[in-house]
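> output the structure for:
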Amino acid sequence: MPRAKLKQRKDGRYKAVYKGKQFMGDTQAEAFALRDEYKRQAEAGLRDTSVTFSQYADGWLKTYKRNVSLNYYNDTLRYICAFTSCVGDKNIRDYVQSDIVKAYQSAHGKSKSYLNKYALTVKGVFSAAVADRLIPFNPCATVKPAGGTSGTHRAIQQWERDLVLRSSHRFAPAAIVMLYAGLRRGEVLALDVDRDVDFTAMTITVREAIRFEGGRPVLADPKTEAGSRTIPMLDVVASVLRGTHGLVAPAVHGGHMSAIAFKRAWDGFLLSLDKMCQLDNSDAPRPDFAAKTPIRTHDLRHSYCTMLYDAGIDLKTAQKWMGHADQAMTMRIYTHLTAEREEAAARTLREKINGQVQNEVQSRLHIVK
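Got it, this is the predicted structure:
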């Protein structure tokens with residue numbers, strides 16, 4: 001049976017009606033298409049709604065992320081805002097796979113961690129909308145974020161360690177603790193010598209960590225449950241901490257450092273290392289410390305894990321001292337180091353054998369002559 005024609009309104013548009021609901025289109029076909037799509041959704045059991053992505057995401061945040069830290073909550077909110085800024089804030093039913101692809105591509109150049117968290121957030125919102133019967137399917141289902149850049153934490157070199165140990169900057173003790181005990185930034189900012197350092201047992205106990213919320217320091221539990229741990233204290237750390245009291249890295253006027261105070265302290269520490277580097281061996285070639293080899297706080301922790309590997313510390317013990325929640329992270333570092341060592345060994349073997357073979361060939365040629 002042919003479809004009935006719609007009467008054109010004075011504004012030039014067409015109106016289709018279904019169970020009292022109106023569907024407007026610039027053409028009859030468009031009005032009928034909107035009506036038919038509504039009917040299909042109703043037959044599929046979807047709820048009648050005109051909620052936008054940001055409106056639904058706001059409720060999703062309050063429901064599913066209400067018990068997370070403020071930093072985590074704000075990061076998730078930023079991912080939601082980045083998504084709507086890229087593809088617009090429209091009815092949650094109107095998003096298609098190409099919108100997701102566009103959103104993920106707009107984050108090109110970000111780190112792998114950022115892209116994964118961004119994708120998990122967007123997918124989480126749409127997954128909840130499917131469960132709430134607002135949309136028939138998740139448009140993110142088959143879309144994967146771009147690869148992104150992998151983490152670039154590194155073990156600092158020996159000459160850099162020497163600079164750290166010789167530094168007289170006020171942040172140097174904290175840097176040495178991170179380098180030779182593997183503490184995270186937040187853990188070392190919360191470390192209290194009188195409470196957490198045992199010079200008799202030669203141990204450091206991690207009990208708390210500083211988190212920045214709105215730039216302000218907040219004393220909280222370590223990053224993971226495994227973060228609460230006791231670590232053997234090396235002599236180099238004991239020699240720096242012995243005779244000191246209170247926080248290892250206090251703010252200038254006492255108390256815990258704010259995010260800005262920490263940044264200033266760390267930048268000042270790096271500047272002091274750079275000045276030391278420029279004064280050393282002034283007549284000899286030296287690395288451009290400030291421009292080419294910046295040290296980040298997590299590089300010190302990564303260096304500690306490298307020391308454990310080089311010392312032959314087993315994986316389970318290394319996991320415990322690093323405060324990793326599971327062995328996967330420790331294993332990833334250990335595996336990476338193994339690959340580096342194998343590659344270096346292969347280069348050494350090739351250079352040595354190739355050199356021997358070349359000398360033998362030259363010797364034979366000389367005898368023949």
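> what's the neighbour count on the residue nearest to His256 when sequence neighbours are not counted?
In space, His256 comes closest to Pro217 once its chain neighbours are excluded; the distance is 4.0 Å by CB to CB, 6 or more residues apart in numbering. All C-beta atoms are positioned from the backbone trio N, CA, C, and that covers glycine. When neighbours are defined as other CB atoms under 10 Å, Pro217 has 20 of them.
> pull the number of nearby residues for Gly355.
10.
> how about the helices in the stretch 201-350 of the chain?
For the stretch 201-350 of the chain, the helices defined by DSSP state H, counting those that start in this stretch occupy 235-241, 259-279, 289-292, 297-310, 315-322, 327-368.
> what's the most buried one of those?
Greatest average neighbour count among these goes to helix 297-310 (a mean of 20), per mean count of other CB atoms under 10 Å.
> and it, what does it pack against?
helix 172-181, helix 315-322, helix 327-368 (3 or more CB pairs under 8 Å, 6 or more residues apart in numbering; DSSP states H and E).
> ok, and what's touching the shortest one?
Among residues not part of helix 315-322, those counted as contacts by CB atoms under 8 Å, 6 or more residues apart in numbering are 182, 226, 229, 231-232, 301, 304-305, 308-309, 313, 326-327, 329-331, 334.
> and the protein, what are its domains?
Following automatic domain parsing, one finds the domains of the chain at 1-43, 53-131, 158-298.
> quick one: least confident helix or strand in the protein?
The weakest-scoring helix or strand in the chain, judged by mean pLDDT, DSSP states H and E, is helix 289-292 (a mean of 48).
> burial of Ala129, as a residue count?
Counted with other CB under 10 Å, Ala129 comes out at 26.
> Asn116 touches Pro145, doesn't it?
Yes. In terms of CB atoms under 8 Å, Asn116 counts as a neighbour of Pro145; the distance is 6.3 Å.
> which residues touch the residue lying closest to Arg13 once chain neighbours are set aside?
Nearest non-adjacent residue to Arg13, counting by CB to CB, 6+ apart: Met24, 5.3 Å away. When contacts are counted by CB under 8 Å, 6+ apart, Met24 touches Arg13, Tyr14, Lys15, Ala31, Leu34.
> ok, back up a step: of all the helices and strands packed on helix 297-310, which lies closest to Ser98?
Nearest to Ser98 among the helices and strands packed on helix 297-310 is helix 327-368; the distance by CB to CB comes to 34.3 Å.
> give me the helices and strands touching that closest one, please.
So helix 327-368, by 3+ CB pairs under 8 Å, 6+ apart, packs with helix 297-310, helix 315-322.
> and the ones you listed: which comes nearest Phe262?
Phe262 lies closest, by CB to CB, to one member of the helices and strands packed on helix 327-368: helix 297-310, at 9.0 Å.
> pLDDT weak spots in the stretch 251-369 of the chain?
For the stretch 251-369 of the chain, the stretches flagged by pLDDT under 70 are 281-293, 357, 359-369.
> for the nearest residue to Leu163 once chain neighbours are set aside, give its distance to Ile260.
Nearest residue to Leu163, sequence neighbours excluded (CB to CB, 6+ apart): Leu273, at 4.6 Å. Distance of Leu273 to Ile260, given as CB to CB, to the nearest Å: 21 Å.
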